[in-house]
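**Student:** attaching a predicted model along with its sequence, questions to come.
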Amino acid sequence: MCLLTGKKAPSKGGSVRAIQIIGTGVLLSASVSLGEDPWGGWEGKGNAGITLSRGNGESLRGTTELEVSRSLGDWQMEAAASLLYGRDSGVSSGERLESSLQLNRGRTSRVYAGLSGEILHDQLARIDWRAIVSPVIGWRAFDQENLELDLEVGPGLTWEERASVTRGFSSVRLHEHLDIQLTKRLHFFQSLTAILEAGDLENYSVKADAGLESKLGGSWSLRIAGKAVFHGESDQTVSEDLLLTAGFGYNLHPADHSEGGLVSGSKKLESRSDDWAFTALLGGSISKGNSDARSISSGLRLRRDWIDNELVAGIFGVYGQQGGTMSAESLSGDLHYQQTLGKENFGGMRLDCDYDALAGLDWRLAFAPYLGWVVFETERGELSLEGGPSVVAEQKGGRERAFLATYAAVKAEHKLGERTQLVGELSWLSKAADFKSQIFTSELRVEHALSERLSLQLLGRSTYDTDPANKSGRHDLQVVSALAVRF
């Protein structure tokens, strides 16, 4: 999830820039999974999140962060890098890259000295680049097992190119960092950094960070963070940016560090016989201020299993807007009942409802009775096939029609770990009187159980229509990371 404010900037080499920024982010987040030898003595954490829509609606939001540190006797080195990229309907709605490196001496004492360096690029704030070098004096106000508070101050030199003007000036750096271990697995972090021009206090940059990190098991964690940035001397841009992110995190520990695993959350999420299970899913992004873009993805699912029977009903919707113009609006629902007919056979019926404004689909109803076969089933997963006749009624491109069709689907589930599973489905709907008129729908979902009722999901949905409405594309793709709550 992302929330940011800033001015809509013109797109200059947007596609190449997106590839560079997100590619770098992938490398940063992937680097934490290297072997132990290259990281001997290092500690770190990284996280990433993404929201993507392609086809009739265009939207992309990506965030990634990496922090590493290492102690060398009385010295300590800390490095961090973060990237944000947003693009809606061909217009850049966010592009920020920042990195820092700090070397401190006096790791074991309350007072320490160090040298800090920072690099920043912020398109919305019209900062092409900014480099800051600052010696610092620090004080560890609190240095306890569950509470740490550091305060730093120091002079510095700043060079920047902002709004096509390059200059350098003397500056003052103020920094505060707070860490609180709320519970064994829940950690709160907060920091505040201010850079002020020594000769003009109206020219400043203040950055505030705060967030929560919850351990999931092993080295993985769920990380929710907020960042606010305030700029001085910003006559041509709004002076504040706000960013909220949520996603998976990975913690890198020294080779001798050990971490116990949690009890299987996936098993806890399995519904018991005769129980109703209700799941709500929410994810998305919002931009306000200099840019005006928003998107939200949400879903509801109801399920009940009892002896040899299964009933599932669900709804999933996506809405997006860029600069007052709709960039996505779709809604899909399904209802199916299934009964086991034998050890490897089953039968049922399903009803699907779809609406997609940008694809020119006003509504579609598809009813299909079906028979199915379980190809294989193991403790870690299963694969099944199903198919049958279908009756379809729709209004697409302002034209209403009804026809007979053939329905077929492949469904699979696989447990990737004690708390993580992969669920996939590929369905095919073909018009009986015109084999060239086909609709392919696929969904791939990664679910990671955080607790008995919470899970983090990465969801990908794709639709391909060989007979789209006039002036509409054939293919639509959505990728959403979201939090699921089960009742």
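**Tutor:** Looks like it arrived, so ask away.
**Student:** so what does the residue sitting furthest away from the middle of the chain have for phi and psi?
**Tutor:** Relative to the mean C-alpha coordinate of the chain, counting by CA atoms, centre = their mean, the farthest residue is residue 433 (42.3 Å). Note on residue 433: its backbone torsions stand at phi -90, psi -10 [degrees, to the nearest 10].
**Student:** that one and residue 404 touch, don't they?
**Tutor:** Yes: proximity of residue 433 to residue 404 meets the contact threshold set by CB atoms under 8 Å, at 7.2 Å. C-betas here are computed from N, CA, C, even on glycine.
**Student:** residue 81 reaches residue 118, doesn't it?
**Tutor:** No: using CB under 8 Å, residue 81 is not in contact with residue 118, being 10.8 Å away.
**Student:** higher neighbour count, the two?
**Tutor:** Taking other CB atoms under 10 Å, residue 81 and residue 118 do not tie; residue 118 has more neighbours (22 against 19).
**Student:** for the stretch 251-400 of the chain, which spans come out with low pLDDT?
**Tutor:** 251-274, 283-294, 322-323 (pLDDT under 70).
**Student:** bridged to the nearest residue to residue 365 once chain neighbours are set aside, which residues?
**Tutor:** Excluding the flanking residues, the one nearest residue 365 by CB to CB, 6 or more residues apart in numbering is residue 393, at 5.0 Å. Beta bridges link residue 393 to residue 365, residue 402, judged by DSSP bridges.
**Student:** give the contact list for residue 192.
**Tutor:** Contact partners of residue 192, counting by CB atoms under 8 Å, 6 or more residues apart in numbering, are 174-176, 206-209.
**Student:** please check those and keep the buried ones.
**Tutor:** Neighbour-count burial (16 or more other CB atoms under 10 Å) applied to the contacts of residue 192 gives 175-176, 206-209.
**Student:** mind putting those residues in a markdown table, distance to residue 69 and pLDDT included?
**Tutor:** A markdown table is the format used below for the buried ones among the contacts of residue 192 (distance: CB to CB, whole Å; pLDDT from 0 to 100):
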| residue | distance to residue 69 | pLDDT |
| --- | --- | --- |
| 175 | 16 | 95 |
| 176 | 18 | 96 |
| 206 | 24 | 89 |
| 207 | 19 | 88 |
| 208 | 21 | 89 |
| 209 | 16 | 87 |
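**Student:** and which of these is nearest residue 480?
**Tutor:** residue 209 (24.6 Å; CB to CB).
**Student:** which positions within the strand or helix carrying the closest one qualify as buried?
**Tutor:** Residue 209 belongs to strand 200-217 when assigned by DSSP states H and E. Judged by neighbour count (16+ other CB under 10 Å), strand 200-217 contains these buried residues: 203-209, 211-217.
**Student:** and what of stretch 462-481?
**Tutor:** In stretch 462-481, the ones that count as buried by 16+ other CB under 10 Å are 462-465, 468-469, 472-473, 476, 478-481.
**Student:** same thing with stretch 299-309?
**Tutor:** Residues of stretch 299-309 classed as buried by neighbour count (16+ other CB under 10 Å): 299, 301, 303-305.
**Student:** neighbouring contacts of that stretch?
**Tutor:** 271, 273-281, 310-317, 337-340.
**Student:** now do stretch 71-79
**Tutor:** Contacts of stretch 71-79 (CB under 8 Å, 6+ apart): 41, 67-70, 99-108.
**Student:** quick one: which two of those residues are the most distant?
**Tutor:** 99 and 108 (27.1 Å).
**Student:** ok, these two, which is more surrounded?
**Tutor:** residue 99 (16 against 11).
**Student:** gap between that one and residue 83?
**Tutor:** 9 Å (CB to CB, to the nearest Å).
**Student:** element containing residue 422, please.
**Tutor:** Using DSSP H and E, residue 422 sits in strand 420-431.
**Student:** and that strand, what does it pack onto?
**Tutor:** Secondary-structure packing of strand 420-431 (3 or more CB pairs under 8 Å, 6 or more residues apart in numbering; DSSP states H and E): strand 381-396, strand 399-415, strand 438-449.
**Student:** and if we set it to 6 Å?
**Tutor:** strand 399-415, strand 438-449 (3 or more CB pairs under 6 Å, 6 or more residues apart in numbering; DSSP states H and E).
**Student:** quick one: work out the angle between that strand and strand 438-449.
**Tutor:** On the basis of axes from the mean of the first three to the mean of the last three CA atoms, to 10 degrees, strand 420-431 is oriented at 170 degrees to strand 438-449.
**Student:** look up which residues are beta-bridged to residue 67.
**Tutor:** Residues in beta-bridge contact with residue 67 (DSSP bridges): residue 45, residue 80.
**Student:** with residue 132 instead?
**Tutor:** Beta bridges link residue 132 to residue 118, residue 158, judged by DSSP bridges.
**Student:** isn't the residue nearest to residue 365 right next to residue 402, touching?
**Tutor:** Yes: between residue 393 and residue 402 there is a contact under CB atoms under 6 Å: 4.3 Å.
**Student:** which residue, other than its chain neighbours, is closest to the residue farthest from the centre of the chain?
**Tutor:** Counting by CB to CB, 6+ apart, residue 433 lies nearest to residue 403, which is 6.4 Å off, once chain neighbours are set aside.
**Student:** same thing with residue 314?
**Tutor:** residue 301 (3.9 Å).
**Student:** ok, what's across the strand from the one you found?
**Tutor:** With DSSP bridges as the criterion, residue 301 is bridged to residue 279, residue 314.
**Student:** brilliant, that's me finished.
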